[in-house]
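Q: Predicted model and sequence below, questions to follow.
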Amino acid sequence: MSHHKYTTEAFVISSRNYGEADATFFLITPDLGSIWARAAGIRKEESKLRYSLEIYSRALVTVVRGREVWRVTSAESISLARHIECVARVFSLLDKLIHGEDKVSDVFYIIVDLFTNLDEFGGGHIAIESIELVTVLRILFALGYVGENDVTNDFLINKITTESIIDIQKYKVEILKIINTSLHSTHL
């Protein structure tokens, strides 16, 4: 019996070693949402997938739904994140907030914006901090942990610009309070 192969872009959020040479990867994709997919033998030196599924990277993956788990059949790295510390904090939050398979396609595009904004505006500490704040706010909104209000509305829908980075800093205390209240309610 032939299984359908799905080829899609994915962000590699985290991984866990499995068995002697396998690893399971937490992926967020635009089509399948969030999935855990196992890559057989990926920790062996001769593995062709070894460098294609690095954490904090964007990859083109082909997966097949097995009886119990998704399996990675091929992968090709597209890009590795700039400003790893920022991306690591955001991905760590995603790893804690999203459990199992879920249709979180909106989150995929929020991460696309994170990578794009870090490439475009990530030259200084204030810009990186602002981009991270808005990204976390957007993720919490997409997952239903934060509602719209006067402070958040503009930051939830508008593209990040040089001017909006300044505005984000003006509302930094209020945004942090909203984020922290939301995270506190999730018991993270």
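A: Arrived safely. Values in this document were obtained by computation on a predicted structure and should not be read as measured data. Residues are numbered from 1 along each chain as shown.

Q: For this structure, which segments count as helices?
A: Secondary structure of the chain (DSSP state H): helices located at 84-97, 105-121, 125-142, 153-157, 162-170, 172-185.

Q: Report the contact partners of residue 97.
A: 139, 143, 145, 186, 188 (Cβ atoms under 8 Å, 6 or more residues apart in numbering). Backbone N, C-alpha and C define where each C-beta goes, glycine included.

Q: so which of those would you say is closest to residue 18?
A: Residue 18 lies nearest to residue 188 out of these, by Cβ to Cβ, at 25.0 Å.

Q: List the neighbouring strands of the lengthiest strand in the chain plus their orientation.
A: In the chain, taking DSSP state E as the definition, the longest strand is strand 5-18. In the sheet, strand 5-18 lines up against strand 22-29 (antiparallel), strand 57-65 (antiparallel) (DSSP bridges).

Q: Next, the buried residues of the longest one.
A: Along strand 57-65, these residues count as buried under the neighbour rule (16 or more other Cβ atoms under 10 Å): 57, 58, 59, 61, 63.

Q: Distance of the first one relative to residue 182?
A: With the distance defined as Cβ to Cβ, to the nearest Å, residue 57 ends up 27 Å from residue 182.

Q: Restrict the helix or strand of the chain with the lowest mean pLDDT to CA atoms and write it as PDB.
A: Of all helical and strand segments in the chain, the minimum by mean pLDDT, DSSP states H and E falls on helix 153-157, at a mean of 84. What follows is helix 153-157 as a C-alpha-only set of coordinates in PDB (Å, rounded to 0.1, in the frame of the first residue of the first chain):
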ATOM      1  CA  ASN A 153      -4.800  46.100  17.700                       C
ATOM      2  CA  ASP A 154      -2.200  47.900  15.600                       C
ATOM      3  CA  PHE A 155       0.600  45.500  16.500                       C
ATOM      4  CA  LEU A 156      -1.500  42.400  15.700                       C
ATOM      5  CA  ILE A 157      -2.300  43.400  12.100                       C
END
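
Q: ok, and for it, which residues are buried?
A: 155, 156.

Q: elements contacting that helix?
A: Judged by 3 or more Cβ pairs under 8 Å, 6 or more residues apart in numbering; DSSP states H and E, helix 153-157 is in contact with helix 125-142, helix 162-170.

Q: want to throw these into JSON lines with mean neighbour count?
A: Listed next are the helices and strands packed on helix 153-157 as JSON lines, based on neighbours: other Cβ atoms under 10 Å:
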{"stretch": "helix 125-142", "mean neighbour count": "20"}
{"stretch": "helix 162-170", "mean neighbour count": "14"}
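
Q: and the ones you listed, which one's lowest on average pLDDT?
A: Ranked on mean pLDDT, the bottom entry among those is helix 162-170, at a mean of 88.
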